[in-house]
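Chemist: Kindly generate the corresponding structure for this input.
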Amino acid sequence: MSEYNTAKSAPTNRSVAGPFDVAEVANLDQYGDFGAIKVIPVDGMDIRLEIEEDTQRVLSVSITLNQSTLQLQAFAAPKSEGIWHEIRSQIGQSIRAQGGLLEERVGSFGPELIAQLPNTDPSDSSRRFARFVGVDGPRWFLRGVIGGAAINDPAAANQIESVYRSVVVDRGAEPIPPRDLLPLHIPQGVVAPPRPMIGGLLS
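Modeler: Model (predicted):
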């Protein structure tokens, strides 16, 4: 038996308010298709893909909107169990090991983490703030890492949460081990330079 709580963690209205499973959305015409993750572009939104330099594998979809950021990753998950409780614990352990500070709270999507991360520049004593959110869906898990203005500005937070809620996850029919990243791809005609990962756990 797992030492972690394996109950699914998701808003009770997830199937009608999002994030959505691909089977719950009738028309995907307005979505940008990045494989397992589909996003509705809005005015002012910058969408970039973060790519593993050695393998050229797409690791995440990163969105910037009005000084807020949202990094999206989708993982395979068991049909009847959730993995957010376990992943959240592992993220917390990783952040503490880096000398970061952590607050766990209940937010719009359920349990979440607010992290203060040491700056990557040793000469800079300031800390970077990141908000980790997660939702367990049907055989998938969607993780979001929120940064920028949405950390402290309620209006910006509502805007970036709306983007997260609008995401559609396509688990696909292929057998994929739980906790493995669901495959992402670069849309035809789009070139994205590699970018460093933020909180790149379970990648």
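Chemist: separation between Leu182 and Arg143?
Modeler: Using CB to CB, to the nearest Å, we find Leu182 at a distance of 11 Å from Arg143. Where C-beta positions appear, they are placed from N, C-alpha and C, glycine not excepted.
Chemist: tell me, what's touching those two both at once?
Modeler: Shared contacts of Leu182 and Arg143 (CB atoms under 8 Å, 6 or more residues apart in numbering): Ala74, Phe75.
Chemist: Can you classify Ser94 as helix, strand or coil?
Modeler: helix (DSSP: H, G, I helix; E, B strand; the rest coil).
Chemist: what's the neighbour count on it?
Modeler: Ser94 has 15 neighbouring residues, counting by other CB atoms under 10 Å.
Chemist: The chain: helices as residue ranges?
Modeler: Listed in chain order, the helices found in the chain under DSSP state H are 14-17, 84-97, 154-166.
Chemist: now these as CSV including mean pLDDT and distance to Pro41?
Modeler: Listed next are the helices of the chain as CSV, based on pLDDT from 0 to 100; distance: least, CB to CB, whole Å:
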stretch, mean pLDDT, distance to Pro41
helix 14-17, 96, 20
helix 84-97, 95, 27
helix 154-166, 97, 10
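Chemist: nearest to Gly110, of the ones you listed?
Modeler: Of all these, it is helix 84-97 that lies closest to Gly110, at 7.5 Å by CB to CB.
Chemist: residue contacts, the nearest residue to Leu181 once chain neighbours are set aside?
Modeler: Nearest-residue entry for Leu181: Phe75, 5.9 Å, with adjacent residues in sequence omitted and distances by CB to CB, 6 or more residues apart in numbering. Phe75 makes contacts with Ile83, Ile87, Trp140, Phe141, Leu142, Arg143, Pro178, Arg179, Asp180, Leu181, Leu182, Leu202, as judged by CB under 8 Å, 6+ apart.
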